[in-house]
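Undergrad: fold the stuff below for me.
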Amino acid sequence: MEVLRHFTYLGVDLIILLPFIFKMSDPRLGFRKHAGPIVISAAIVASLFTVWDILAVRGNVWSFNPEYITGIMFAGLPLEEILFFISVPLTSILVWEATGYRREKK
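TA: Reported below is the predicted structural model:
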């Protein structure tokens with residue numbers, strides 16, 4: 001169990017991203033049709049928050065508990081943090097599309 005603790009944050013990322021992975025091929029939501037803008041939007045958001053996070057870590061505003069991350073680091077940020085900044089915008093777009101679809105169906 002001690003080893004699994006290092007995958008806690010990665011597990012959170014996966015739980016956030018799973019709905020997007022399962023629903024992105026749903027033809028009613030149009031993800032394939034708008035794949036380019038969706039990727040660009042997520043990349044812009046992820047880039048901004050990644051830069052902000054790098055500055056905060058370097059400024060000792062916050063840090064990451066090594067017990068809950070894998071230890072794979074990029075520019076001082078754990079891999080899990082970068083994946084978080086990708087998974088949250090993608091899942092947010094999924095929620096937006098899904099609720100818009102439901103609203104139009106009524």
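
Undergrad: from Asn60, how far off is the spatially most central residue of the chain?
TA: In the chain, the centroid-proximal residue (CA atoms, centre = their mean) is Ser87; its distance is 1.7 Å. In this view, Ser87 and Asn60 are 26 Å apart by CB to CB, to the nearest Å. (Glycine included, C-beta is placed from N, CA and C.)

Undergrad: show me which residues of the helix or strand containing the residue nearest to the centre of the chain are buried.
TA: Following DSSP states H and E, the helix or strand that holds Ser87 is helix 79-105. Neighbour-count burial for helix 79-105, counted by 16 or more other CB atoms under 10 Å, picks out 79-91, 93-94, 97.

Undergrad: what bits of the chain have low per-residue confidence?
TA: 1, 101-106 (pLDDT under 70).

Undergrad: what segments of it are strands?
TA: Using DSSP state E, the strands of the chain run over residues 73-74, 77-78.

Undergrad: out of the ones you listed, which comes closest to Val3?
TA: For these, the distance to Val3 is smallest for strand 77-78, at 16.4 Å, taking CB to CB.

Undergrad: run through who's touching the closest one.
TA: Outside strand 77-78, the residues that touch it by CB atoms under 8 Å, 6 or more residues apart in numbering are Tyr9, Thr50, Asp53, Ile54, Val57, Phe64, Ile69, Thr70, Gly71, Ile72.

Undergrad: each with direction, which strands does it pair with?
TA: Strand partners for strand 77-78, identified by DSSP bridges, are recorded as strand 73-74 (antiparallel).

Undergrad: need the contact partners of the strand it pairs with.
TA: Leu79, Ile82.

Undergrad: stretch 35-46 now?
TA: By CB under 8 Å, 6+ apart, the surrounding residues in contact with stretch 35-46 are Phe31, Ile82, Phe85, Ile86, Pro89, Leu90, Ile93.

Undergrad: make a markdown table from the residues you listed and add distance to Leu14 to it.
TA: Listed next are the contacts of stretch 35-46 as a markdown table, based on distance: CB to CB, whole Å:
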| residue | distance to Leu14 |
| --- | --- |
| Phe31 | 19 |
| Ile82 | 14 |
| Phe85 | 15 |
| Ile86 | 12 |
| Pro89 | 16 |
| Leu90 | 13 |
| Ile93 | 18 |
